[in-house]
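J.: for reference, the sequence and a predicted model appear below.
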Amino acid sequence: MEWKVYFEDNPGCHRPHRGRPGQEVSCGAHSVWGGQHFIIPAIYLCGKGLVVDICRRVEREAIEAHYQKLAAYEGMDIDECPPEAVELAEAEDPFGSFDYLPSVAINGKTVEYSRGAGEYYNPLRSEEEIICSGEQAARDIVKHYGLDPEQGWDLRQWSFPWATKRRPTHITSLTLTLTQREQPAEAVQFTAAPGKVVEFAHPVTGVPCVLTVKDLKPARLPENDLPHMGPPMEWPREFVEMTYTLTPAVTTGWVQVNDCASSDKPIRKSDAPTEDGAIGIIGGADGPTAIFVSGKQQGDTRTACSSLHFAPVEPENIRWKVTYYQKQFPDETIALL
C-alpha cells in the first residue's frame, strides 16, 4: 500500500483520512544513547504539526535471552506465576524496559508532543504469528525504512503541534531531545511499627538514608472510591495507612513506599449477571492488584497505603518496600535538520 503518515495517527496505519498526508523529509539521523541505538529515519510536515518517527533497535540476542528466562513459565497464567517472576519479566523486557519521552525545538522554540503511538517488531515471530497478533504495521515500517529485519525494533511515532496556528514558512533548525523516564531501583524491605527507624543506603548513589515510622493504623476504603462499572463486584477495602519521614529529602526523581504483597482480587457477587462485562480497575489491568490507593505528602511527613484485602490485616505483619525512581542518563539532543 502507498505509504502515508498523518498527524496524531498510529504508525503504519492505512485507514482513510480526509486531510492531506504529511510531506516526508528524510533525516537518517543516528544516536547511541544509554546503550541503545536510535534511528530517526524521517520527519513529516503536516498541516497541524510535525510528526517524527523514532526507531530504537532491540538486539536479537537480548530478545532470545529474555525468551529463555521466560521458558520456565510458558503456558502458565499470569496469576499462577510468582510475583517476583512477573516483576523481573517486566523489568528485563528488552522492548519495554527502556522508556523515554521526546521534545523538539523548531527554530529554537521547544515544543512538547501531543500524541505518541508505537509498535514492536519482533524478529523471532513467524509470519503466522505476525498476522495473528496484528503486527503487520510494525513489519511495514521496518520494510519502508529499510531497517534490519533480523533485529528487533521499538517503533514510535510522535506528533508535535506547530507553535503557531500555521505551519512555519521556513524551518531553519530542528532538534530532537530524548529524556529517559525515571527507572525504579528498590532500596530496602522492612516491617513497620510506630517509632521504628529503618536505615539503608540509596540504591544508586549509596548515600545513607533513614526512614522513621510515625504512625501505623488500619483504614477502610470509602464506598465512593470503589469502581462502579461492569458487573456488581465485591471489592477488597481493608488496608493499612502508614505515615513516615524520610531523610535526606529527595532532590532528583521521586521515591515510593509500597506493600510487597498484592491486593486481593475482586469477587463477582452471587446475584450478578453471568454475562461477561468490563471491570473498572485502577492501577493495573492485569495481575492481582485490583485497586491502587495512592499515598500523599504533607510537609516532611509522607503517607503510604498497603494493598487492599477483604479481611483486616495486622499492621505489623505487612512488609513494605522503598523504591527510588530517577533517570540513569542525561538527556540526549539530536540534530534533525
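T.: All right, it came through fine.

J.: from here on, just use CA atoms for contacts and neighbour counts.
T.: Fine.

J.: where do the helices sit along the stretch 1-150 of the chain?
T.: Using DSSP state H, counting those that start in this stretch, the helices of the stretch 1-150 of the chain run over 60-70, 83-92, 127-132, 136-145.

J.: among those, which is nearest Thr247?
T.: helix 83-92 (27.1 Å; C-alpha to C-alpha).

J.: which of the helices of the stretch 1-150 of the chain has the lowest mean pLDDT?
T.: Among the helices of the stretch 1-150 of the chain, helix 83-92 has the lowest mean pLDDT, at a mean of 68.

J.: need the helices of the stretch 1-150 of the chain in CSV with distance to Trp33 and mean neighbour count, can you?
T.: CSV is the format used below for the helices of the stretch 1-150 of the chain (distance: least, C-alpha to C-alpha, whole Å; neighbours: other C-alpha atoms under 10 Å):
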stretch, distance to Trp33, mean neighbour count
helix 60-70, 17, 15
helix 83-92, 18, 14
helix 127-132, 29, 12
helix 136-145, 21, 18
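
J.: for the ones you listed, give me TSV that also has distance to Gly35.
T.: As requested, these are arranged in TSV below (distance: least, C-alpha to C-alpha, whole Å):
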stretch	distance to Gly35
helix 60-70	13
helix 83-92	14
helix 127-132	28
helix 136-145	21
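
J.: nearest to Lys196, of these?
T.: Smallest distance to Lys196 across these (C-alpha to C-alpha): 26.6 Å, for helix 83-92.

J.: ok so, going back, between the helices of the stretch 1-150 of the chain, which gets nearest to Gly152?
T.: Closest among the helices of the stretch 1-150 of the chain, using C-alpha to C-alpha: helix 60-70, at 5.9 Å.

J.: alpha carbons only: can I get the closest one in CSV?
T.: Extracted C-alpha coordinates of helix 60-70, given in CSV (Å, rounded to 0.1, in the frame of the first residue of the first chain):
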residue,chain,number,x,y,z
ARG,A,60,18.1,-10.1,18.7
GLU,A,61,20.4,-11.7,21.3
ALA,A,62,18.7,-9.8,24.1
ILE,A,63,15.2,-11.0,22.9
GLU,A,64,16.4,-14.6,22.7
ALA,A,65,18.0,-14.4,26.2
HIS,A,66,14.7,-13.0,27.6
TYR,A,67,12.7,-15.8,26.0
GLN,A,68,15.0,-18.3,27.6
LYS,A,69,14.3,-16.8,31.0
LEU,A,70,10.6,-17.0,30.5
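
J.: which secondary structure elements does it contact?
T.: Helix 60-70 is packed against helix 83-92, with contacts defined by 3 or more C-alpha pairs under 8 Å, 6 or more residues apart in numbering; DSSP states H and E.

J.: measure stretch 175-189 end to end?
T.: Using C-alpha to C-alpha, to the nearest Å, the end-to-end distance of stretch 175-189 comes out at 43 Å.

J.: sorry, back to before: Pro315: which of the helices of the stretch 1-150 of the chain is closest?
T.: Closest among the helices of the stretch 1-150 of the chain, using C-alpha to C-alpha: helix 83-92, at 21.4 Å.

J.: quick one on the thing from earlier: what's the closest of the helices of the stretch 1-150 of the chain to Glu238?
T.: Closest to Glu238 of these is helix 83-92 (C-alpha to C-alpha; 21.1 Å).

J.: check contacts around the spatially most central residue of the chain.
T.: Among the residues of the chain, the one closest to the centroid is Asp99, at 7.1 Å (C-alpha atoms, centre = their mean). Counting by C-alpha atoms under 8 Å, 6 or more residues apart in numbering, Asp99 touches 180-181.

J.: which stretches in the stretch 201-337 of the chain count as strands?
T.: Secondary structure of the stretch 201-337 of the chain (DSSP state E, counting those that start in this stretch): strands at 208-220, 233-234, 238-247, 254-259, 267-268, 296-298, 301-305, 319-326, 332-335.

J.: for those, give me CSV that also has mean pLDDT, mean neighbour count and distance to Val142.
T.: Output for the strands of the stretch 201-337 of the chain, formatted as CSV (pLDDT from 0 to 100; neighbours: other C-alpha atoms under 10 Å; distance: least, C-alpha to C-alpha, whole Å):
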stretch, mean pLDDT, mean neighbour count, distance to Val142
strand 208-220, 95, 16, 47
strand 233-234, 82, 16, 45
strand 238-247, 94, 20, 48
strand 254-259, 92, 18, 36
strand 267-268, 83, 12, 44
strand 296-298, 57, 11, 44
strand 301-305, 92, 19, 45
strand 319-326, 93, 18, 32
strand 332-335, 96, 16, 21
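
J.: what's the closest of the ones you listed to Thr110?
T.: strand 332-335 (12.0 Å).

J.: can you list the residues that contact the closest one?
T.: So strand 332-335 is contacted by 29, 31, 33, 174-179 (C-alpha under 8 Å, 6+ apart).

J.: what strands flank that strand, and is each parallel or antiparallel?
T.: Its sheet considered, strand 332-335 pairs with strand 174-180 (antiparallel) by DSSP bridges.

J.: so how far is the following helix or strand past the strand it pairs with off the chain centroid?
T.: As assigned by DSSP states H and E, the chain's next helix or strand after strand 174-180 is strand 183-191. The chain centroid and the centroid of strand 183-191 are separated by 19 Å under C-alpha atoms, centre = their mean, to the nearest Å.

J.: report the contact partners of Phe329.
T.: The contact partners of Phe329, by C-alpha under 8 Å, 6+ apart, come to 34, 180.
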